[in-house]
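**Student:** Curious how this folds, go ahead:
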Amino acid sequence: METCDAAVIGSGPNGLVAANLLADEGWDVLVLEAQPSVGGAVRSDSAVHPDYVHDTFSSFYPFVAASPVMQALRLERYGVEWSHAPAVVGTPFREGPWALLHHDAEETARSLEEFAAGDGEAYLDLVQAWHRVGERLMGAMLDPFPPVRSGLGLLARLPTVGGLGFARMLVSPLRALVDTRFRGDGAKMLFGGNAVHADIPMDAPGSGAFGLIMVMLGQDLGFPVPRGGAGRLSQALVDRLTQRGGRVRRSCRVTRIDVRRGRAVGVRTADGEAVQVRKAVLADVSAPALYGGLVDRADLPDRVLRRMGRFEWDPGTVKVDWALDGPVPWATPPAAQPGTVHLAESVSELAQAQLDTANGVVPGRPFLVVGQMATSDPVRAPAGAESLWAYTHIPQEFRADGGDGSITGRWDHDDVERMADRVQAQVEQYAPGLASRVVARRVLGPRELEAADENLRRGALNGGAASIHQQLVFRPYPGNGRPATPVRGLFLASASAHPSGGVHGACGANAARDALAHDRAAVWRR
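**Tutor:** This next block holds a predicted model:
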């Protein structure tokens, strides 16, 4: 029987961050990963075409650049090199110029001013406010709940940015935020497109704050990518861990967490092996997987099981990867090529796609997030070529197809290919002739995404809905908000925990800190 101080279930970024922080404290850490490769949703491959590198899931990492936890790991010492596109984010329109988030705020303001006079100045006002409170706001977002130190720091600085007026903006829906501050669709789509990286509706509280955070992070830090592929980031986390004595076992599925007298004492693998833990089990798995199978129901309070029965998933996803033999043939070339592109004509169109998805309807005109990866990192494709992807959200529970009626909701091979055709047709409205440049295409539907990472249930990217009713003390169920579980020595370390999705490592870091604190308290009691 193998023994360790801590077993970490899952090698996604949160699991690997947690493992690293525990190893830094001298713990003997074993990471158990069900897949043959590490990284969870931070991986890359050349399966689309051998001459191209595509990120299998996530691609751009502003939260890595902003996260104190990730920065403290100094992953650049372990091989991570960061690369940036000429511009950060852009939205093309069928008529008119692009709205662009440049690396320079003044350039961004000039781009937005082309859509409506005064929008550039309004944007720079937000940038100035962010520079006063952004660090504290990010701390309040990423710190363990409740974020006492960062929260108090944010409150102390609010009077310098308008006090209650700024606070009101932070809790406003995205649509209210942009409609009260901007006149042109350029600025509105800049914030709206970034807000949809979470699944919060445009008319719901929280969407405005998330849109603001994403835009301001992009303005200050860009949307960096690891040179050579997202997998380089995960490999650096593994290399750092193993240098500190930690171990990682791939193709090792955990099927059960052993609980004795209310405490997690070990895990069991699919091949029947038992791993005994001296101090803690940290689970980088979805909350439904933890509370719905890994822990026996008899070891959990009835109230937890009832509350977990109301857990809500975020929407599913269909992702299309293309290997192109040339750049994307945008009908109107942007002033500077952005790495990330948002495709929708207005916030209203974007909101309609969200509403359709929430109602179980596959959007006929899907909102797309597009990644130009060779634009961001030239080694991803042959010279002059492009490694391109786009993803769109689909309903978790299918009721109807809002397009031509060809989608059945089975999400088998035919469904995902038809959806990919719809996605490609949407891109071609802005980039006519795209099809002539396609060398190879891959489609990852909800089944394929979940098969490659079980945390992505039916293609859900954020570990559960991120709306306010499932955040803070309501995540993953009402009355929680912390990584600790009803089982002593067991901690939830995935995006299903506060503060939810994004590659910031905070979920794993919070779990590791809780595990360390509980261990110190146990030592003190002894």
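**Student:** For the stretch 101-250 of the chain, which segments count as strands?
**Tutor:** 225-226, 247-249 (DSSP state E, counting those that start in this stretch).
**Student:** got the buried residues for stretch 392-407?
**Tutor:** Buried residues in stretch 392-407, counting neighbours by 16 or more other CB atoms under 10 Å, are found at 392, 393, 394, 395, 396, 398, 401, 402, 403, 407. Any C-beta I mention is one placed from the backbone N, CA and C, and that applies to glycine too.
**Student:** If we ignore the residues flanking it in sequence, what's nearest the fourth one?
**Tutor:** In other words, residue 395. Once flanking residues are discounted, residue 395 sits nearest to residue 360: 4.5 Å by CB to CB, 6 or more residues apart in numbering.
**Student:** The one you found touches residue 399, doesn't it?
**Tutor:** Yes - between residue 360 and residue 399 there is a contact under CB atoms under 8 Å: 3.2 Å.
**Student:** what about residue 63, which helix or strand?
**Tutor:** helix 62-66 (DSSP states H and E).
**Student:** Reformat the strands of the stretch 101-250 of the chain as JSON lines; add mean pLDDT, distance to residue 499 and mean neighbour count.
**Tutor:** As requested, the strands of the stretch 101-250 of the chain are exported to JSON lines (pLDDT from 0 to 100; distance: least, CB to CB, whole Å; neighbours: other CB atoms under 10 Å):
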{"stretch": "strand 225-226", "mean pLDDT": "98", "distance to residue 499": "22", "mean neighbour count": "27"}
{"stretch": "strand 247-249", "mean pLDDT": "98", "distance to residue 499": "25", "mean neighbour count": "17"}
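**Student:** May I see those strands arranged in JSON lines, with distance to residue 121 as well?
**Tutor:** Listed next are these as JSON lines, based on distance: least, CB to CB, whole Å:
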{"stretch": "strand 225-226", "distance to residue 121": "31"}
{"stretch": "strand 247-249", "distance to residue 121": "51"}
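**Student:** which stretch among those comes nearest residue 352?
**Tutor:** Taking CB to CB, strand 225-226 is the member of the strands of the stretch 101-250 of the chain nearest to residue 352, at 30.4 Å.
**Student:** Where does the prediction get shaky in this structure?
**Tutor:** 148, 522-526 (pLDDT under 70).
**Student:** any idea how far the lengthiest helix in it is from the chain center?
**Tutor:** When the chain is parsed with DSSP state H, its longest helix is helix 119-142. A distance of 21 Å separates the centroid of the chain from that of helix 119-142, by CA atoms, centre = their mean, to the nearest Å.
**Student:** What are the buried residues along that helix?
**Tutor:** 119-120, 122-123, 126-127, 129-130, 133-142.
**Student:** my guess is residue 38 contacts residue 235, does it?
**Tutor:** Yes - the pair residue 38 and residue 235 qualifies as a contact (CB under 8 Å) at a distance of 7.3 Å.
**Student:** Please parse the chain into its domains.
**Tutor:** 2-42+230-311+464-525, 99-220, 315-452 (automatic domain parsing).
**Student:** got a markdown table for those domains, with distance to residue 90 too?
**Tutor:** Converted to a markdown table, these look like this (distance: least, CB to CB, whole Å):
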| stretch | distance to residue 90 |
| --- | --- |
| domain 2-42+230-311+464-525 | 21 |
| domain 99-220 | 5 |
| domain 315-452 | 4 |
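**Student:** nearest to residue 49, of those domains?
**Tutor:** Taking the domains of the chain one by one with CB to CB, domain 315-452 is closest: 4.0 Å.
**Student:** Can you measure across that closest one, start residue to end residue?
**Tutor:** In domain 315-452, first residue to last residue: 17 Å (CA to CA, to the nearest Å).
**Student:** just how off-centre is it within its chain?
**Tutor:** On CA atoms, centre = their mean, the centre of domain 315-452 falls 17 Å from that of its chain.
**Student:** go on, stretch 16-33?
**Tutor:** With CA atoms, centre = their mean, you get 22 Å for stretch 16-33.
**Student:** again, but for stretch 244-254
**Tutor:** Stretch 244-254 sits 23 Å away from the centroid of its parent chain (CA atoms, centre = their mean).
**Student:** check contacts around residue 79.
**Tutor:** By CB atoms under 8 Å, 6 or more residues apart in numbering, residue 79 lies in contact with 232, 235, 236, 239.
**Student:** Okay then, goodbye and thanks.
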